[in-house]
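Q: For reference, the sequence and a predicted model appear below.
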Amino acid sequence: MLALQGLTPVQLERVMPELTADEARRVISQVHRGEDPRTPNSGVRRTSREAVARIASVPRLEVHATRRSQLDPFVKYALGTADGHRLETVRIPLERAGRFSVCVSSQVGCALACAFCATGRMGLQRNLETWEIVEQVRVVRRDLDRKSERVHGVVFQGMGEPMANLDRVLAAIEVMNDPSALAIDARAITVCTSGLPAGIRRLGREAPKVRLGISIGSALASARRRLMPIERSHALDEVLEAAAEHAKLTGLAPLWAVTLLAGVNDDVAQALALADRVADFRMRTGRSPRLSIIPYNAIGPSESGERDPFERTTDEREEAFRAALRERGVFTHKRYSGGADVDAACGQLAARG
Ligand code: SF4
């Protein structure tokens, strides 16, 4: 059965030529409003409804838990797939009241094993299907006040490495962007990667309005290798080369994120190495990356009892890090990584419900 949430109206019309273009748009729009397009009075002819019912369905992710942070308006959803996997989605409040971004997962678990990330400890269980990625946004949207609140953007920064499931991520972006489906502006969508160069180039070619985010880890190879095993197969030089091509092709400055870890990547030498990378990127592309410094959120011991290997840096060291960057003309954003009391903050998603 085809999952209707994973299709745009044009794709639906292609697989069901008996539908008119208007019917295909109605069917997709009803699916995303949570209505069943196979019922009478849906504005779709009976023969078309029957054709849809024969080959398509509207599967759902099961909502196992909804955890609202007591600290801020973050909400974490623990969702279940039909084959028994758990995944997590986070509702992130934006500055403008009533506007939210949805942090979606693209895989169950992740193969890339970044040392500071709870998802990385799970290993890869499977890729999510296109509809399972899109459905996460509907689940969040369903809980919003229709009159005063809306989903403004999507960030692929939940569980998984989006570039490792890029066919489905790109297909999901197309659906999110479609006016009859979720109608989310592509410029409000960001795909974050730990650094898969082929995926970065493909994202630029196939979704040129979508912003790129890169987890830098450390600008120094030895520290980055310790934090992100991907550095062994794709060194930061290679990743930033692909990111520079992306910036030149799309005209968009990328987001760079660094999670500061006490005694690992939080000293002034690290800040200066990062400043060099920013200067080089600017020189090559004419664009300044938007640099976010993220405080580390403890991920606690693993299920097998492995202790959390990292600690959050101190305020003094963080300020010294920022000051060293500022002196080199590099300005940073303090990304507020909220929802820490419900394990919804960056790096904490691990399907613990
Ligand atoms: S940070 Fe991203 S790429 Fe790294 S292990 Fe976690 S989910 Fe995977």
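A: Great, that's in hand.

Q: what's near enough to touch the spatially most central residue of the chain?
A: Centroid-nearest residue in the chain: residue 156, 1.1 Å away (criterion: C-alpha atoms, centre = their mean). Counting by C-beta atoms under 8 Å, 6 or more residues apart in numbering, residue 156 touches 104, 106, 162, 169, 189, 190, 191, 192. Just so you know, the C-beta spots here come from the backbone N, C-alpha and C atoms, and that holds for glycine as well.

Q: so what pLDDT did it get?
A: Note for residue 156: predicted pLDDT of 97.

Q: now the one 3 residues further on
A: Confidence at residue 159, expressed as pLDDT, is 95.

Q: Give me the subset of the contacts of residue 156 lying in strands.
A: Counting by DSSP state E, those place 189, 190, 191, 192 in strands.

Q: Identify the residue nearest the third one in space, chain neighbours excluded?
A: In this case it means residue 191. residue 156 (4.5 Å; C-beta to C-beta, 6 or more residues apart in numbering).

Q: Please tell me how far that neighbour sits from residue 117.
A: 14 Å (C-beta to C-beta, to the nearest Å).

Q: Could you do residue 75 as well?
A: 21 Å.

Q: what's the answer for residue 263, then?
A: In terms of C-beta to C-beta, residue 263 sits 18 Å off from residue 117.

Q: With only the CA atoms kept, save the lengthiest helix in the chain in PDB.
A: If you go by DSSP state H, the chain has its longest helix at helix 268-285. Below are the C-alpha coordinates for helix 268-285, written out as PDB (Å, rounded to 0.1, in the frame of the first residue of the first chain):
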ATOM      1  CA  VAL A 268      41.600  29.100  23.100                       C
ATOM      2  CA  ALA A 269      43.700  27.100  20.600                       C
ATOM      3  CA  GLN A 270      40.500  25.300  19.500                       C
ATOM      4  CA  ALA A 271      38.800  28.700  19.100                       C
ATOM      5  CA  LEU A 272      41.600  30.100  17.000                       C
ATOM      6  CA  ALA A 273      41.600  27.000  14.700                       C
ATOM      7  CA  LEU A 274      37.900  27.500  14.300                       C
ATOM      8  CA  ALA A 275      38.400  31.200  13.500                       C
ATOM      9  CA  ASP A 276      40.900  30.200  10.700                       C
ATOM     10  CA  ARG A 277      38.300  27.800   9.300                       C
ATOM     11  CA  VAL A 278      35.700  30.600   9.300                       C
ATOM     12  CA  ALA A 279      38.100  33.000   7.600                       C
ATOM     13  CA  ASP A 280      39.000  30.500   4.900                       C
ATOM     14  CA  PHE A 281      35.400  29.700   4.200                       C
ATOM     15  CA  ARG A 282      34.600  33.400   3.900                       C
ATOM     16  CA  MET A 283      37.400  34.000   1.500                       C
ATOM     17  CA  ARG A 284      36.400  31.100  -0.700                       C
ATOM     18  CA  THR A 285      32.600  31.800  -0.700                       C
END
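
Q: Check which element follows that helix along the chain.
A: strand 290-295 (DSSP states H and E).

Q: Give the other helices and strands that that following strand contacts.
A: Using 3 or more C-beta pairs under 8 Å, 6 or more residues apart in numbering; DSSP states H and E as the contact criterion, the elements in contact with strand 290-295 are strand 255-260, helix 315-327, strand 332-334.

Q: what about it and the ligand, any contact?
A: No - judged by C-beta under 6 Å from any ligand atom, strand 290-295 makes no contact with the ligand; its nearest approach is 11.2 Å.

Q: Next, the angle from that strand to helix 315-327.
A: 170 degrees (axes from the mean of the first three to the mean of the last three C-alpha atoms, to 10 degrees).

Q: Listing partners with orientation, what would you give for the lowest-mean-pLDDT helix or strand in the chain?
A: Using mean pLDDT, DSSP states H and E, strand 332-334 stands out as the lowest-scoring helix or strand of the chain, at a mean of 81. Using DSSP bridges, the strands paired with strand 332-334 are strand 290-295 (parallel).
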